[in-house]
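*Asks:* Sequence and computational prediction follow.
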Amino acid sequence: MIIQQALDQKVWAVIGATHKTEKFGYKIYKCLKDHGYEVYPVNPNVAEIDGNKCYPSLSALPVVPAVVDFVVPEAAGLAALDECKELGIPTVWLQPGADKPSVVEKAHALNLHVIQDCVLVQLP
């Protein structure tokens, strides 16, 4: 899947979303929201972001997103890939820093579409 095909999908989740406005997890979540995406924040340590419920896991989401944006450390990324596969989420978008070789390798092994780029750069 190419970047534009992923951006054409309008239901996303952001793993590692946070209420801390200086962090990329917040900036990416906010950017997607501001561009009209239906986006679900996922972080087991945060209750809500800008008044929106934050979910503890992908399995807890009310819908299955088409794309999951990763803004998490390697261990959390590796664990979330299994959840993506189980839920039938086809595409993972790995932000710089979340795209560790082990995460990329496992995503490919699970036959997931992998994008390694920055949403903040790709959304106009």
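*Replies:* Nice, thanks for sending it over.
*Asks:* Every contact and neighbour count from this point should use C-alpha atoms.
*Replies:* Fine.
*Asks:* State which helix of this structure is the longest.
*Replies:* Counting by DSSP state H, the longest helix found in the chain is helix 74-87.
*Asks:* Quick check: buried residues in it?
*Replies:* E74, G77, L78, A80, L81, C84 (16 or more other CA atoms under 10 Å).
*Asks:* And the contacts of that helix?
*Replies:* For helix 74-87, the external contacting residues (CA atoms under 8 Å, 6 or more residues apart in numbering) are 58-59, 64, 68, 70, 90, 98-100, 102-103, 106-107, 110, 112.
*Asks:* ok, now stretch 47-62?
*Replies:* 13, 18-19, 40-46, 64, 80, 83-84, 87.
*Asks:* from these, which would you call buried?
*Replies:* Counted by 16+ other CA under 10 Å, the contacts of stretch 47-62 give A13, T18, H19, Y40, P41, V42, N43, V46, V64, A80, C84 as buried.
*Asks:* In CSV, could you pull the C-alpha coordinates for stretch 39-51?
*Replies:* Taking C-alpha atoms only, stretch 39-51 is exported to CSV below (Å, rounded to 0.1, in the frame of the first residue of the first chain):
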residue,chain,number,x,y,z
VAL,A,39,-9.4,8.8,14.7
TYR,A,40,-9.3,6.8,18.0
PRO,A,41,-6.6,7.4,20.6
VAL,A,42,-5.1,4.3,22.1
ASN,A,43,-3.1,4.5,25.4
PRO,A,44,-3.7,2.5,28.5
ASN,A,45,-2.4,5.3,30.7
VAL,A,46,-4.6,8.1,29.4
ALA,A,47,-8.3,8.5,30.1
GLU,A,48,-9.2,11.1,27.5
ILE,A,49,-7.6,13.5,25.0
ASP,A,50,-9.3,16.9,24.2
GLY,A,51,-12.5,15.5,25.7
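*Asks:* No further queries at this time; thank you.
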